[in-house]
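Asker: A structural model of the following input is requested.
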Amino acid sequence: MQPLDYTAKYCVVGAGSSGLTAAKNLDQLGIACDVIEREDDVGGNWYYGKPHSSVYKSTHLISSKPGTEYVDFPMPAEYPDYPSHWQVFEYFKSYARAFDLYRLIQFNTSVEHIERAGEFWDITLDSGATRRYGGLVIANGHNWDPKYPAYPGEFSGLCLHSADYKTSDVLVDKRVLVVGAGNSGCDIAVESAQNARTTFHSTRRGYYYAPKFVLGMPSDQIAERGLRLRIPLALRRAFNVMLIKVILGDPTKYGLPKPDHKFYETHPIVNSQMLYYVGHGEIKPKPDVQELRGDRVLFSDGSEEPIDVLIYATGYNITFPFIDRQYLNWHANRPNLYMNIFHPQYDNFFVAGLIQPDSGQWGLVDYQAQLIARFVHAQRHNPTRAAEFRRTKSGAQPRLNHGIKYVNSTRHYLEVEHFSYRNGLKKLIRQFR
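Answerer: Numbers count the residues shown, from 1 in each chain. Here you go, the predicted model:
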């Protein structure tokens, strides 16, 4: 069957946080686009209760409003510093209404397959129809395909990934083990401490735990001031370690392992309650799992505990099931794209939101989308400027991590230091003005 001709348009895959701002910025520069969304409303991962949403009932942002919101659409003043998932969902719907994006979105439709067709992109939908689009922005997100560790043995109790965890009723009066020290793992461990009979928390290494508030102000806003003042990394690192010890205490005094890395070298864990519950004995720290033994778990220190519920908060695979990796310039288990956005060869193919920043994300993706839209616009109206950027995106990746060397882990495949990454995007955007 001949593909339907949509070559005058771009296709945006997904109407979550990244797809919305991609569509908004394309539309504002007169670039026609369709947004394909598998759910019945916007919000993506933040549409609580939907099959592909990984947020749980108690989820709140771990970055405060100013460091999270879109560039030109602040969150409501009445929202708290760290909004809940339902407030975030309402924010996305307000954004879509404010910029008249609903007219661009086709809901309850999934993208099944994407193939390169000459200079165009053939996109096959779950209806069986294939559309040939002039360009493509993938914005389906990367926090949806659960990643599990390969432990030997089998577990006979209830086993969940954090993506499947929704409410605390599965924890009540149970012996719970949470594996993973990311923000979800710590949040669930804290929630378990308030509901379970016993809570164990397994981590492979020690971490720094940052409080959500310092002197009544969101801690990320204080950290942002240090970046704007251009305080050297070593001084900021020393100050933050000292501040955490003053506010929360030394994690090793609670029985937690000492971090084997410097501050900033892992994705930040923002949790004011973790050490509190460890200190009260409601969360019992454990090292890595060595073996699953039916209704018991053996740990690497030789200890063994009976467990009823095992929750893996072990992150997600970077997965794009509808497109072959060859189109993503895939190397070393991840897409190799300029600024995590631009393919070195294809000028009408982009990925929005493929980052894990040490801050909020939506403002950064807004800048990504501004840059995408300006490049597409320049290809049509300013070929010289477009050619200049084409050479840029085909070159070497810029160093945008402020000298930080992240721990070698799949957790950091997409990690970016938000301040330098944002400045890099803004600098590239200015080239099109």
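Asker: Convert the C-alpha atoms of stretch 250-265 to CSV, please.
Answerer: In CSV, the C-alpha atoms belonging to stretch 250-265 read as follows (Å, rounded to 0.1, in the frame of the first residue of the first chain):
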residue,chain,number,x,y,z
ASP,A,250,27.2,12.2,58.0
PRO,A,251,25.5,9.2,56.3
THR,A,252,28.2,6.8,57.7
LYS,A,253,27.1,7.6,61.3
TYR,A,254,23.7,6.2,60.3
GLY,A,255,25.3,2.9,59.2
LEU,A,256,25.3,3.8,55.5
PRO,A,257,28.4,3.1,53.4
LYS,A,258,30.8,5.9,52.6
PRO,A,259,30.5,7.2,49.0
ASP,A,260,33.2,6.0,46.8
HIS,A,261,33.0,9.1,44.6
LYS,A,262,33.0,12.8,44.8
PHE,A,263,29.8,14.9,45.2
TYR,A,264,28.2,15.6,41.8
GLU,A,265,29.7,12.5,40.2
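Asker: need the contact list for T314.
Answerer: T314 makes contact with P146, K147, Y148, P149, H161, S162, V179, G180, G185, according to Cβ atoms under 8 Å, 6 or more residues apart in numbering. Every residue, glycine included, has its C-beta placed from N, CA and C.
Asker: Please, which helix or strand holds it?
Answerer: Counting by DSSP states H and E, no helix or strand carries T314.
Asker: how close does it get to Q345?
Answerer: Distance, T314 to Q345, by Cβ to Cβ, to the nearest Å: 34 Å.
Asker: helices or strands next to the helix or strand containing K24 in the packing?
Answerer: Using DSSP H and E, K24 falls within helix 17-28. Judged by 3 or more Cβ pairs under 8 Å, 6 or more residues apart in numbering; DSSP states H and E, helix 17-28 is in contact with strand 4-13, strand 33-36, helix 85-98, strand 130-138, helix 362-381.
Asker: Name the residues that touch it?
Answerer: Contacts for helix 17-28 (Cβ under 8 Å, 6+ apart): 10, 12-13, 15, 32-33, 35, 37, 42-46, 70, 92, 95-96, 99-101, 104-105, 137, 139-141, 350, 352-353, 361-362, 365-366, 368-370, 372-373, 376.
Asker: ok, now which ones touch L160?
Answerer: V170, V309, L310, I311, Y312.
Asker: typo on my end, I138
Answerer: Neighbours of I138 in contact, by Cβ under 8 Å, 6+ apart: V13, G14, F320, I323, F350, V351, A352.
Asker: Tabulate the residues you listed (JSON lines), appending distance to P257, neighbour count and secondary structure.
Answerer: Below are those laid out as JSON lines (distance: Cβ to Cβ, whole Å; neighbours: other Cβ atoms under 10 Å; DSSP: H, G, I helix; E, B strand; the rest coil):
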{"residue": "V13", "distance to P257": "41", "neighbour count": "28", "secondary structure": "strand"}
{"residue": "G14", "distance to P257": "38", "neighbour count": "28", "secondary structure": "coil"}
{"residue": "F320", "distance to P257": "35", "neighbour count": "19", "secondary structure": "coil"}
{"residue": "I323", "distance to P257": "40", "neighbour count": "20", "secondary structure": "strand"}
{"residue": "F350", "distance to P257": "41", "neighbour count": "26", "secondary structure": "strand"}
{"residue": "V351", "distance to P257": "36", "neighbour count": "26", "secondary structure": "strand"}
{"residue": "A352", "distance to P257": "37", "neighbour count": "30", "secondary structure": "coil"}
